[in-house]
Each structure stands twice: as structure tokens, then as C-alpha cells.
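Q: fold the following.
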Amino acid sequence: MTSQQDTSGAHGEEPALQNPSPNLSEKAVQHKVRPRAFERSGGLRTAVIVMAVLYIATEWLDLPITSQLTAGGTTSGSIAYNVWMALLLLVLVATFVIVGLWLGRARRNADRIAPDQQRLSRAWVWLGWIVPIVNFWFPKKVIDDIWRSTVRNPAKPRTGRWWGTFIAAHVLSTLVALFPTALSSIGAVVTWLLASVTMTVAGVFWIRVARTISDAQDALAVQSPSHTRV
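A: Here you go, the predicted structure:
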């Protein structure tokens, strides 16, 4: 046994790949891709959930608060309205950044175990949400690839209901924002109500998706032979 180890070390050969994960793709195995240290979701997982709740809350509060602040036409009302708009922008930007950081970490983990299964470059982790037209399907595409690479059960991504309700909610919200007079007061309220309910449902599905991916990748991080970062 000692002579075999000495011989292996003398020739500088690396030990055979020990099949670090059943999700490691055939192409990755052929190229002897060894998964590096997985990054655990850590506080980002909690932050994603918190921002989802805040985002849903702003959806419900937007129309009532905006209507109240603009009804009087006073200077104080205008100032309060600007403050409210700034808060909405802050929540939107914070949500974008937190989700981007979490998704970037999840994507790096997916690259470590199945680099050939990622159909889009890492840049689309961020750009996919803001580039017109492609933002209707690129974010889901990125998350689907991450799911397939790291989630063992179920292997098929369960992202359809989240993405469908998310897009529907944004379409309804856009109708309220762009055509308030055309919808009439009752129509605007009904559309806003539908948008808020749909966004709430989308938020529930999104939290489930984020938790599923985080749980799966944290489990792989525990199994990784290398040092894992938190």
C-alpha cells in the first residue's frame, strides 16, 4: 500500500474523481472538473425573504398612500409624496441588490458543479432583470439552470407559478400607473387590488424557490470536501 502511494506521488498524478455529486454533469466529469468550495447562503437567504415581504408591502400600500398624499394638493402633501416615492425607490433598489447578490452566489455554486449547464453568462444574473424584452424570461432561465444544477429533488424546476404570477402582477401594476384616468377610479382600484393579490402570491412562490435552492446548495456545501464559506 505504501509503495502504491509513493508511486502515485512520484508521477504527480491526482487521485481519481470521487463523484462529488450526482449532479455533476457528464461533460464536467470528462474534463475532470472538481467542485471548489461551495458558498453557503448564510444571511443572504434571510435578506431575500425580508425584501420579498417589504416589496409585497409596498405593493399594497402604494395606491392608498399616493392617493391620500396627492388629494389635498398642499405643499406638505407634495413633500410627503416625494418622501414616499423615495422610500419606494429605496425598497426597489435594495431588493434588486439583495436578490442579485444571492443569485450571484447561487450561480457561482452552480458553475462549480455543472458549468456546462448554465445557458447564460453571469452578467445576466443582474442584467436579466433590467434589460427590456429579455427581462420577461431571462431571470427565470438563470434560476432554472441553477435549480437543475444543484437541486436534487425535485430535479425539474418549480419556477413556473412564481414567474407567471410575478409577470402578471407587474403588468397589472403598470396599467394602474400608466392609465389611471382611462381605468376610472373604480377600475384603478380593482386593478390595483388584483395586482397586489397577484404579487402576494408571486412572493410566496418566490420565497419557496429561494428557500429550495438555498437548502439544496447549503446541503452540498456541507458535503463538499473543501472549505466552505458562510
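
Q: got the contact list for residue 176?
A: By C-beta atoms under 8 Å, 6 or more residues apart in numbering, the contact set of residue 176 is 63, 183, 188, 191, 192, 195. No exception for glycine: its C-beta is placed from N, CA and C like everyone else's.

Q: one more time with 10 Å, if that's ok
A: 62-63, 66, 183, 187-196 (C-beta atoms under 10 Å, 6 or more residues apart in numbering).

Q: show me which of those is closest to residue 131.
A: residue 195 (22.8 Å; C-beta to C-beta).

Q: rewinding a little: just the contacts of residue 176 now: which is nearest residue 76?
A: residue 66 (15.1 Å).

Q: burial count for that closest one?
A: Neighbour count of residue 66, defined by other C-beta atoms under 10 Å: 18.

Q: cool, residue 130 as well?
A: Neighbours around residue 130, by other C-beta under 10 Å: 10.

Q: look at the closest residue to it other than its chain neighbours and report its pLDDT.
A: Closest residue in space to residue 130, ignoring its immediate chain neighbours: residue 96 at 7.9 Å, by C-beta to C-beta, 6 or more residues apart in numbering. As predicted, residue 96 sits at a pLDDT of 98.

Q: quick one: contacts for residue 96?
A: Contacts of residue 96 (C-beta under 10 Å, 6+ apart): 51, 126, 129, 130.

Q: for the first one, list the residues it contacts.
A: The contact partners of residue 51, by C-beta under 10 Å, 6+ apart, come to 91, 92, 94, 95, 96, 97, 98, 99, 102, 203.

Q: quick one: name whatever helix or strand follows the helix or strand containing it.
A: Using DSSP states H and E, residue 51 maps to helix 42-71. Later in the chain than helix 42-71, the nearest helix or strand by DSSP H and E is helix 75-113.

Q: what are the contacting residues of the helix or strand following that following helix?
A: Next in sequence after helix 75-113, counting helices and strands by DSSP H and E, comes helix 124-127. The set of residues external to helix 124-127 that reach it, using C-beta under 10 Å, 6+ apart, is 96-97, 99-108, 118, 120-121, 131, 134-135, 138-139, 141-143, 146.
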